[in-house]
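Peer 1: Predicted model and sequence follow; I will ask about them next.
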Amino acid sequence: RTLLGVLVSYEALHAWRSGRFGWARLGMAAARLGILFCLAMGYLAWKRGLAGDAFMPHVSPLDNSAANAPTFLARVLSLAHLHAVYLWKLVYPARLSCDYSRNTIPNILSLWDVRNLGTLAAYLAIATL
């Protein structure tokens, strides 16, 4: 799923940077993306056939507390904060852990939580690159 998004984004960025927006170029890009989408769906169908009922494993709320946050806003803020935490771990890998489950990184439940400033700073840092 992530690779499909990356390739679609690359195709859009390439078309935008080239500055050539014509119907022929748009048709070629649409054909490439259509083929890519069909291949991705075929892969997922093949994987589902192999895995059967175990295609999507059940994840316990103890293992992923951010995905089981009480509200949609808390889930979005917590997952965005995890991006910031992991970016910081890439920049400064001190105090690493082999297990980040069981609420090791507490959820953000409010828009007014001060940790949102770190999340904003991380996204701004990535955007400026």
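Peer 2: Arrived safely, thanks for sending. Numbering: from 1, shown residues only.

Peer 1: Just the buried positions in the longest helix seen in the chain, please.
Peer 2: For the chain, the helix with the greatest residue count under DSSP state H is helix 23-51. Buried residues in helix 23-51, counted by 16 or more other C-beta atoms under 10 Å: Ala29. (Glycine included, C-beta is placed from N, CA and C.)

Peer 1: Would you mark the buried spots in the helix or strand that comes right after that helix?
Peer 2: For helix 23-51, the succeeding helix or strand toward the C-terminus, using DSSP states H and E, is helix 72-91. Neighbour-count burial for helix 72-91, counted by 16+ other C-beta under 10 Å, picks out 74-75, 77-82, 84, 87.

Peer 1: got it, and stretch 7-18?
Peer 2: Glu11.

Peer 1: Off-centre distance for it?
Peer 2: Centroid separation between stretch 7-18 and its chain, computed with C-alpha atoms, centre = their mean, to the nearest Å, is 19 Å.

Peer 1: Could you tell me which ranges of the chain sit under the pLDDT cut-off?
Peer 2: Scanning the chain for pLDDT under 70 picks out 1, 16, 19-25, 55-57, 59.

Peer 1: can you rerun that using 90?
Peer 2: Along the chain, the parts satisfying pLDDT under 90 run over 1-37, 39-41, 43-70, 93-106, 127-129.

Peer 1: what about the spatially most central residue of the chain, distance to Asp99?
Peer 2: In the chain, the residue lying closest to the centroid (C-alpha atoms, centre = their mean) is Thr2, at 7.0 Å. Here Thr2 is placed at a distance of 23 Å from Asp99 (C-beta to C-beta, to the nearest Å).

Peer 1: Over to Ala31?
Peer 2: Taking C-beta to C-beta, one finds Ala31 at 45 Å from Asp99.

Peer 1: Please apply the same query to Ala40.
Peer 2: 31 Å.

Peer 1: quick one, phi psi at Ile108?
Peer 2: Ile108 has phi and psi values of phi -100, psi 120 when expressed as degrees, to the nearest 10.
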